[in-house]
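Asks: can you look at this prediction? I've put the sequence above it.
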Amino acid sequence: MKNTSGLPAIIAASLLLAACSTNPVTGKSDFVLMSEDQEINLGRQYSAQIMEEMPAYEHAALNELVQRVGEKLAAKSHRPGLIYRFTIVDSATVNAFALPGGYIYITRGMLAYLNSEAELAAVLGHEIGHVTARHSVRQQSTATATGLLGAVISATTGIQGMDTLTDLASTAFVRGYGREHELEADRLGAQYLARSGYDPDAMLEVVGVLKNQEAFEVVTAKKEGRAANVYHGLFSTHPDNDARFQEVVAAARRHKTGNATRVERDSFLRVLDGMTFGASAREGIVRGNNFYHAPLNFSLSFPKGWRIDNRPDKIVATPRSNDGLIQVSLTDRNKRITPQQFMSQRLKLEGMRSGEAFSANGLQGYTAIADANTPWGMRRVRYAIVYRGNSVYVFAGAAKQQNILGKYGAATLKTAKSLHPLTSAEKKLAEGKKLVIIRAPAGTRYATLALKSPLTNYPEETLRLLNDQYPRGEPKPSQLLKVVR
């Protein structure tokens, strides 16, 4: 038998010797396991997947602006030879991200909260920084190397599971870009802003916008008992890093030329005029206590005052007391069975009781009570099934407190019975909300604008966030404002 005790170290050393590459930003050697051509090909593959899952947002003027600003920054970057592709994603989430090889994405949700071309440049510059410093390539290489090393250790020592342990460690180590990479992207982004004629202080403006949006999201998520949905990490993490970020921006000012003061606030806002805000028509639209879905041609009415959360696979409505819910999902009907049989055979509900058939708006349905698992554990759940063509709408309502189903059981059944095809008037409502740019008359207040807004949840706070005047700012006379209609 051969002595293999030194083999892992030899292989690790071989990997390090074979995988050194010059970092385009620092000029120093980095540990990478792919060439630039491989990096571009990887980005191309990931991009195709992204486009399947997250369609692009069609808005000619906005797309032209994002591409123009992005290319201007990229031309002043450390990798100007790459062809950068900037895409707006049709998503209400606040996010931006970069794939290997120059594929950069920004959501329309992020665009809605920006207030100048310089702020757009700050976000794109940060993502370009991730590309130029090859952060994703360095991540991929670290993950691959640690995975290979774990397999070698397992094979040569006979200790099973070492590869799994190493994979877990590497996953924790490379998850996200990490604060050092984020700070490097901040620094590079600020440089690219200054070199392109934008004031690098726009990076700090974006910090404020995103921190306010994040702070509000965290507070409301905690109040509503859900996970917060915040941007992936740009400018966030720990408050003590704010000082470090400001140092990064201050250092970038040495790149600032006499004309590096471009902001372009009003022209940027005018391009946003008419952009979809919130959910798109293809996802379904919430207005007040009503839900409209144009592609599927249906409408529902939930109890007044409830929060309606339109998720990819279901709709979840909750009262302000957050002590119950009504959930709606859609599935296929592939057998000629009754709604009652569907409950028992497809949903596999046992011990159904208080069952009865019903008809509403010409649709056949059935309702019953059964015990089922909920966010609060096993509870009595009011189910309602509604047949519509070959589709089945599944309604389920429950209360947080045990044995008080009656509190929301009737509301669940009423919601199920409200299902109907869109009327002519409702088809217009199903087109979705839009950002509209107005010039504020003297005396304009966000509380007044909120009363006229179709926003259901926190309209006044949302308008302040959109206009970077959260938490207590008010419009200035003649200021261009974003409102939602």
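Replies: All right, it came through fine.
Asks: for the rest of this, base every contact and every neighbour count on C-alpha atoms.
Replies: Will do.
Asks: helices of the stretch 51-200 of the chain, start to end?
Replies: Using DSSP state H, counting those that start in this stretch, the helices found in the stretch 51-200 of the chain span residues 60-75, 108-113, 117-132, 135-157, 162-174, 179-195.
Asks: rank those by pLDDT, which is bottom?
Replies: The weakest mean pLDDT among those belongs to helix 162-174, with a mean of 30.
Asks: ok, now how distant is Y105 from N361?
Replies: Separation of Y105 from N361 (CA to CA, to the nearest Å): 43 Å.
Asks: out of those two, which sits in the more crowded spot?
Replies: Y105 (22 against 10; other CA atoms under 10 Å).
Asks: tell me the bridge partners for that one.
Replies: According to DSSP bridges, the partner residues bridging Y105 are T87, F97.
Asks: that one contacts Y84, correct?
Replies: No: using CA atoms under 8 Å as the test, Y105 is too far from Y84 to be in contact (10.6 Å).
Asks: which parts of the protein belong to which domain?
Replies: The record, using automatic domain parsing to delimit domains, assigns the chain the ranges 7-271, 286-427, 433-484.
Asks: and those domains: which comes nearest F277?
Replies: domain 433-484 (5.1 Å; CA to CA).
Asks: first to last residue in the closest one, what's the distance?
Replies: 6 Å.
Asks: now do it, average pLDDT.
Replies: 95.
Asks: tell me how far that domain lies from the chain's centre.
Replies: 23 Å (CA atoms, centre = their mean, to the nearest Å).
Asks: please apply the same query to stretch 394-408.
Replies: The mean C-alpha position of stretch 394-408 is separated from the chain mean by 30 Å, CA atoms, centre = their mean.
Asks: what is the mean pLDDT for that stretch?
Replies: pLDDT averaged over stretch 394-408 gives 85.
Asks: need the three-state assignment for the residue lying closest to G208 once chain neighbours are set aside.
Replies: Take G208 and drop its neighbours on the chain: the residue closest to it by CA to CA, 6 or more residues apart in numbering is D468, 7.9 Å away. At D468, secondary structure determined by DSSP: H, G, I helix; E, B strand; the rest coil is coil.
Asks: so what's D468 up against?
Replies: Taking CA atoms under 8 Å, 6 or more residues apart in numbering as the criterion, D468 is in contact with 113, 115, 208-209.
Asks: tell me the most packed of those residues, by neighbour count.
Replies: N115 (26 neighbours).
Asks: next one: that one from Q469, what distance?
Replies: Taking CA to CA, one finds N115 at 11 Å from Q469.
Asks: over to S77?
Replies: S77 is 32 Å from Q469, by CA to CA.
Asks: give me the more crowded residue out of the two.
Replies: Taking neighbours as other CA under 10 Å, S77 and Q469 compare with S77 leading, 25 against 18.
Asks: wait, the more buried one touches A190, no?
Replies: No: in this structure S77 lies outside contact range of A190 using CA under 8 Å: 10.7 Å.
Asks: residue nearest the middle of this protein, spatially speaking?
Replies: Centroid check for the chain by CA atoms, centre = their mean gives T93 as the closest residue, at 3.4 Å.
Asks: quick one, phi/psi of that one?
Replies: Reported as degrees, to the nearest 10, the phi and psi values for T93 are phi -70, psi 150.
Asks: can you check I315 too?
Replies: The phi/psi pair for I315 (degrees, to the nearest 10) is phi -110, psi 130.
Asks: contacts only, for it.
Replies: 308-309, 327-329.
Asks: ok so L330 is a strand residue?
Replies: Yes: residue state for L330 (three-state DSSP) corresponds to a strand.
Asks: count of neighbours near it?
Replies: Neighbours of L330 using other CA under 10 Å come to 14.
Asks: how about Y103?
Replies: Neighbours around Y103, by other CA under 10 Å: 21.
Asks: for it, give its distance to L124.
Replies: For Y103, the distance to L124 - CA to CA - is 11 Å.
Asks: so K434 sits against L272, correct?
Replies: No: proximity of K434 to L272 does not meet the contact threshold set by CA under 8 Å, at 9.4 Å.
Asks: which one's more surrounded, the two?
Replies: L272 (22 against 19).
Asks: now do the contacts for that one.
Replies: Counted by CA under 8 Å, 6+ apart, L272 has contacts 62, 112, 435-437.
Asks: any idea how far E117 is from it?
Replies: 11 Å.
Asks: same check, this time on T456
Replies: Taken as CA to CA, the span from T456 to E117 is 29 Å.
Asks: the two: who's more crowded?
Replies: More crowded of T456 and E117, by other CA under 10 Å: E117, with 21 against 16.
Asks: E431 should be in a strand, yeah?
Replies: No: under the criterion used here (three-state DSSP), E431 is coil, not part of a strand.
Asks: distance check, it against G284.
Replies: E431 is 9 Å from G284, by CA to CA.
Asks: compare those two (neighbour count), which wins?
Replies: G284 (24 against 18).
Asks: any of the contacts of I315 buried? List them.
Replies: When neighbours are counted using 16 or more other CA atoms under 10 Å, those contain these buried positions: 308, 327-328.
Asks: V386 bridge partners, please.
Replies: Bridge pairing for V386 - DSSP bridges - gives G365, Y393.
Asks: please name the residues that touch it.
Replies: Here V386 is in contact with 339, 363-366, 392-394, 416 (CA under 8 Å, 6+ apart).
Asks: try it again at 7 Å.
Replies: 363-366, 392-394 (CA atoms under 7 Å, 6 or more residues apart in numbering).
Asks: kindly report the same for T220.
Replies: Neighbours of T220 in contact, by CA under 7 Å, 6+ apart: none.
Asks: make 784 the starting number, not 1.
Replies: Will do, 784 is the new start, and the previous item becomes T1003.
Asks: buried set for the strand or helix carrying it?
Replies: If you go by DSSP states H and E, T1003 is part of helix 985-1007. Across helix 985-1007, burial judged by 16+ other CA under 10 Å covers 985-997, 999-1001, 1003, 1007.
Asks: go on, stretch 1061-1075?
Replies: In stretch 1061-1075, counting by 16+ other CA under 10 Å, buried: 1061-1064, 1066-1075.
Asks: tell me the gap between it and the middle of its chain.
Replies: Worked out by CA atoms, centre = their mean, stretch 1061-1075 lies 17 Å from the chain centre.
Asks: so what touches it?
Replies: 875, 1076-1078, 1081-1089, 1213-1216, 1237, 1239.
Asks: again, but for stretch 1154-1166
Replies: Residues outside stretch 1154-1166 that contact it (CA under 7 Å, 6+ apart): 1150-1153, 1178-1181, 1183, 1185-1186, 1188, 1192, 1195.
Asks: any chance of those residues in JSON lines, plus neighbour count and secondary structure?
Replies: Shown next, in JSON lines, are the contacts of stretch 1154-1166 (neighbours: other CA atoms under 10 Å; DSSP: H, G, I helix; E, B strand; the rest coil):
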{"residue": "T1150", "neighbour count": "26", "secondary structure": "strand"}
{"residue": "A1151", "neighbour count": "22", "secondary structure": "strand"}
{"residue": "I1152", "neighbour count": "22", "secondary structure": "strand"}
{"residue": "A1153", "neighbour count": "19", "secondary structure": "strand"}
{"residue": "F1178", "neighbour count": "24", "secondary structure": "strand"}
{"residue": "A1179", "neighbour count": "26", "secondary structure": "strand"}
{"residue": "G1180", "neighbour count": "30", "secondary structure": "strand"}
{"residue": "A1181", "neighbour count": "32", "secondary structure": "strand"}
{"residue": "K1183", "neighbour count": "18", "secondary structure": "coil"}
{"residue": "Q1185", "neighbour count": "12", "secondary structure": "coil"}
{"residue": "N1186", "neighbour count": "12", "secondary structure": "coil"}
{"residue": "L1188", "neighbour count": "19", "secondary structure": "coil"}
{"residue": "G1192", "neighbour count": "23", "secondary structure": "helix"}
{"residue": "T1195", "neighbour count": "26", "secondary structure": "helix"}
